[in-house]
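Colleague: build the 3D model from these lines:
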Amino acid sequence: MRSPTRMFSPLFGHSPHSARDPEREVDQKSEQDPEREVPQDAESGSEQEPEQTPEQGSEPERHSEPEQVSKQDPDREGEPERHSEPEQDSKQDPAPEREPAPEREPAPEREPQQEPERQPEQESGRQPEPERAGRRGGRGRLGRVPLTTKLVAGLLAGATLLVVADRCAAMYAEKRAEQTLRDKLGLAATPDVHIHGFPFLTQLLGKRLDGVDVTVPDAPAGRVTLAEVRAEATDIRLDGDLPLPVDGARAARVNGDVLLAFDDLDRELGTPAQVKFRALDRQSVRADGELPVAGRVVRIHAVAHIRRDGDRGVSTSVSGMRLDVPGIATYRPGRPARLRLHPQAAEKISHDKSKARALLAVPSVARQLGVAPEDTGPAMRDDKRLGRITGRPGFKEKLMRANLVDLVADRPETLERVGVDPVLARALVRLRAQDLSERVAFSFQLPKQVKGLRLRNITVERDGIRADLTGSGLAVGTARGADD
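Modeller: Down below sits the predicted model:
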């Protein structure tokens, strides 16, 4: 069993016997390990440098020597530890020990030099694996798509194709219907047909359509042209060997409207009178234009009252017809015909003695002016008496209300003296009321080829005359009942 002294000697680096013979330990260490002093020399600091790490210094190396000695020679644990003289020299002269410090500075520089060399090795070792994996996965990229996504994409593609096919079939049917209507009705313009409902193919196979909108522009209707005819047909039954061709169709119900535009009336009825039509009220149309008469331009004015002509037509009755000679007179045809002075002409006569005496010389005119026969003679000779008559209140208004139409045939020279051209007056009187009315009257009927339709609620709007269109059992083409 070891003594307590030997047990504690390795821990403390010396034993109780070291005090007895200190030089003996140095001699024994030099004999057993003669080369041990070489790495401790200060001049050999470069040889110790590879064994030391950057974290270790010279002082930790001195403290580690007693542990190495005690481990290599446990039999000398009791002997005291003694350092050799070279070691003492190195402790006394620290300058040689600090010289290696500048030589360790390149140590951190090795790391950035080694990192670029290692990176290509690491990249070359790691990158090929994902590249090869990408090549293998590229061929099976669709294989990674979930089955549900594939099914949904397939259904969407199929549904898109079906929708496109259905719309193409509907467009083809619309074009065929447009051409059929144009040929059957003798239209100048191609109508517009739009088929309601989706899908169309199922309706076609079932021989029934939900609804069809038809718009016919510029439909001829007698003397005039309807600007637009719109109709919406519902619950339509198809006839023929389906799917194609369709021989005819019958609509259970039809609703729509027709428009007779004022622009079309101006173009078709305005010549040669150059008449313009505009709304007067919800049931009346005002016509204004110009008419050449006896080498002069006479203004024509009239009012056309709208009424329904049966169930399929519209007609007008003209009233308020008059022809104006601006600044002179107004002629109203009819029974009785009337020729009356304008305010400007009446004002001139009331201040012109010669013109006033010319009118008072005609008994029928003097009677209309309210002048008694016993007052007419003195007024013809005395200017004061004439002034009393022409200066009466209301004399000008009486001149404007007097009918001078009898003077046209009996006293044309009198008309000339008061400023009315007798030639123009005779031409106006010759115009018949019926002829003038026809210049502004109009009417229209629905096309005979389209049966089963009726007009309702005829009203005058700002842009023209509009009427509602209703019907049932309307047949088109060779459908049963189309000729009823």
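Colleague: wait, Q449 touches K184, no?
Modeller: Yes - judged on Cβ atoms under 8 Å, Q449 makes contact with K184 at a distance of 5.8 Å. All C-beta atoms are positioned from the backbone trio N, CA, C, and that covers glycine.
Colleague: quick one, longest helix in this structure?
Modeller: Secondary structure of the chain read by DSSP state H shows that its longest helix is helix 147-185.
Colleague: in the stretch 351-484 of the chain, which spans are helices?
Modeller: 353-360, 363-368, 373-381, 383-390, 395-401, 405-410, 412-417, 422-430, 433-440 (DSSP state H, counting those that start in this stretch).
Colleague: cool, and the stretch 101-250 of the chain?
Modeller: Using DSSP H, counting those that start in this stretch, helices in the stretch 101-250 of the chain cover 106-126, 128-139, 147-185, 200-205.
Colleague: G313: which of the helices of the stretch 351-484 of the chain is closest?
Modeller: Evaluated over those, closeness to G313 peaks at helix 433-440, with 17.0 Å, by Cβ to Cβ.
Colleague: for G186, give me its contacts.
Modeller: Counting by Cβ atoms under 8 Å, 6 or more residues apart in numbering, G186 touches 220, 449.
Colleague: distance of it from A219?
Modeller: G186 is 10 Å from A219, where distance means Cβ to Cβ, to the nearest Å.
Colleague: determine the number of other residues adjacent to the spatially closest residue to V229 that is not a sequence neighbour.
Modeller: With Cβ to Cβ, 6 or more residues apart in numbering as the criterion, V229 has its nearest non-adjacent residue at 4.2 Å, and that residue is V216. Around V216 sit 24 other residues, with neighbours defined as other Cβ atoms under 10 Å.
Colleague: what are the neighbouring residues in contact with V216?
Modeller: 181, 185, 187, 189, 191, 226, 228-231.
Colleague: what subset of the residues you listed is buried?
Modeller: Neighbour-count burial (16 or more other Cβ atoms under 10 Å) is assigned, among the contacts of V216, to 181, 185, 187, 191, 226, 228-231.
Colleague: export those residues to a markdown table and append columns for distance to F444.
Modeller: Shown next, in a markdown table, are these (distance: Cβ to Cβ, whole Å):
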| residue | distance to F444 |
| --- | --- |
| L181 | 19 |
| L185 | 15 |
| L187 | 15 |
| P191 | 18 |
| L226 | 7 |
| E228 | 13 |
| V229 | 11 |
| R230 | 16 |
| A231 | 16 |
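Colleague: show me which of the residues you listed is closest to G310.
Modeller: For those, the nearest to G310 is L226 (16.5 Å; Cβ to Cβ).
Colleague: quick check: that closest one touching Q445?
Modeller: No - between L226 and Q445 there is no contact under Cβ under 8 Å: 10.1 Å.
Colleague: determine the longest strand present in the protein.
Modeller: strand 224-239 (DSSP state E).
Colleague: that one vs helix 147-185, what angle?
Modeller: In terms of direction (axes from the mean of the first three to the mean of the last three Cα atoms, to 10 degrees), strand 224-239 departs from helix 147-185 by 130 degrees.
Colleague: in a markdown table: the helices of the stretch 351-484 of the chain, plus distance to A169, mean pLDDT and mean neighbour count.
Modeller: Formatted as a markdown table, the helices of the stretch 351-484 of the chain follow (distance: least, Cβ to Cβ, whole Å; pLDDT from 0 to 100; neighbours: other Cβ atoms under 10 Å):
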| stretch | distance to A169 | mean pLDDT | mean neighbour count |
| --- | --- | --- | --- |
| helix 353-360 | 83 | 92 | 18 |
| helix 363-368 | 79 | 92 | 16 |
| helix 373-381 | 92 | 89 | 13 |
| helix 383-390 | 87 | 90 | 15 |
| helix 395-401 | 73 | 93 | 16 |
| helix 405-410 | 72 | 90 | 16 |
| helix 412-417 | 77 | 92 | 16 |
| helix 422-430 | 66 | 93 | 18 |
| helix 433-440 | 50 | 86 | 16 |
